[in-house]
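K.L.:
Let me see the structure of the following:
(2 chains)
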Amino acid sequence: GDSVTQMEGPVTLSEEAFLTINCTYTATGYPSLFWYVQYPGEGLQLLLKATKADDKGSNKGFEATYRKETTSFHLEKGSVQVSDSAVYFCALRSNAGGTSYGKLTFGQGTILTVHP
Amino acid sequence: ETGVTQTPRHLVMGMTNKKSLKCEQHLGHNAMYWYKQSAKKPLELMFVYSLEERVENNSVPSRFSPECPNSSHLFLHLHTLQPEDSALYLCASSQELGGLSGEKLFFGSGTQLSVL
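P.N.:
Now for the predicted structure:
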């Protein structure tokens, strides 16, 4: 079945540091890939997405590139801020057969803490 | 504010209690979901409703009983829970179940459940 694996957290960085959160996936066909973010005390919200190989999703300074050859969708940001402290979830949506509506499969989440 | 409201925010219950979690959305969405968020585990999809009909029960024990009386409201009825059921329970909605409008989920802030 489909699965998503994220790097173990928590990740602790100083403000303005470079961020990478690794995400790899297993899926049949050609899934769409997503990053969701959960700020403290809130629900998850969509951060960015990519729907085909080599697509780059971007939002709020975050980027992720759909790499089919390595089945990866790593999240990056060049200079993090304290306000980026949150839990980040990688997810995929299979477009193959089986479940017709294409449910989202999430990873376990990676906690990011940014210190001033 | 995502437009999805969950109550209560926190719930402590004994193993013999019966309680209900409530989710409400006024986004005009047709699909609603229950997810379970446990530490260091992938977000687990529990139930999916589309136009008030259950379309998925993801091998969830019968001590969890969902109810969707209309497209704006979703309940999760709880009875005789176990301590391992302690988790954050998230409700989400999407405009439709499938297609592009089914990709973006809007999440509530969750109910933090503790079973003693």
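K.L.:
Show the backbone phi and psi for residue B:45.
P.N.:
Per-residue torsions, residue B:45: phi -80, psi 130 (degrees, to the nearest 10).
K.L.:
ok, how many other residues are close to it?
P.N.:
18 (other Cβ atoms under 10 Å in any protein chain shown). Any C-beta I mention is one placed from the backbone N, CA and C, and that applies to glycine too.
K.L.:
next one: residue A:54
P.N.:
10.
K.L.:
Enumerate the residues of chain B near chain A.
P.N.:
Proximity of chain B to chain A, by Cβ under 8 Å from any Cβ of the partner chain, involves residues B:2, B:4, B:6, B:35, B:37, B:40-43, B:45, B:48, B:50, B:55-56, B:90, B:92, B:97-98, B:102-110.
K.L.:
Buried ones among these?
P.N.:
The neighbour-count criterion (16 or more other Cβ atoms under 10 Å in any protein chain shown) marks B:2, B:4, B:6, B:35, B:37, B:42-43, B:45, B:48, B:50, B:56, B:90, B:92, B:97, B:102-110 among these as buried.
K.L.:
Which ones among these lie within strands?
P.N.:
Cross-referencing these against strands under DSSP state E gives B:4, B:6, B:35, B:37, B:45, B:48, B:50, B:56, B:90, B:92, B:106-107.
K.L.:
Return the member of those nearest to residue B:29.
P.N.:
residue B:106 (7.2 Å; Cβ to Cβ).
K.L.:
residues in contact with that closest one?
P.N.:
Counting by Cβ atoms under 8 Å, 6 or more residues apart in numbering or on different chains, residue B:106 touches A:43, A:45, B:2-4, B:25, B:27, B:29, B:92-94.
K.L.:
Name the nearest residue to it, ignoring sequence neighbours.
P.N.:
Distances taken as Cβ to Cβ, 6 or more residues apart in numbering or on different chains put residue B:2 closest to residue B:106, at 4.6 Å, once the chain neighbours are dropped.
K.L.:
what's near enough to touch the closest residue to chain B within chain A?
P.N.:
Nearest residue of chain A to chain B, counting by Cβ to the nearest Cβ: residue A:43, 2.9 Å away. By Cβ under 8 Å, 6+ apart, the contact list for residue A:43 reads B:2, B:4, B:6, B:90, B:92, B:106-110.
K.L.:
Nearest residue to it in space, ignoring adjacent ones along the chain?
P.N.:
In space, and not counting its chain neighbours, residue A:43 is closest to residue B:107: 2.9 Å by Cβ to Cβ, 6+ apart.
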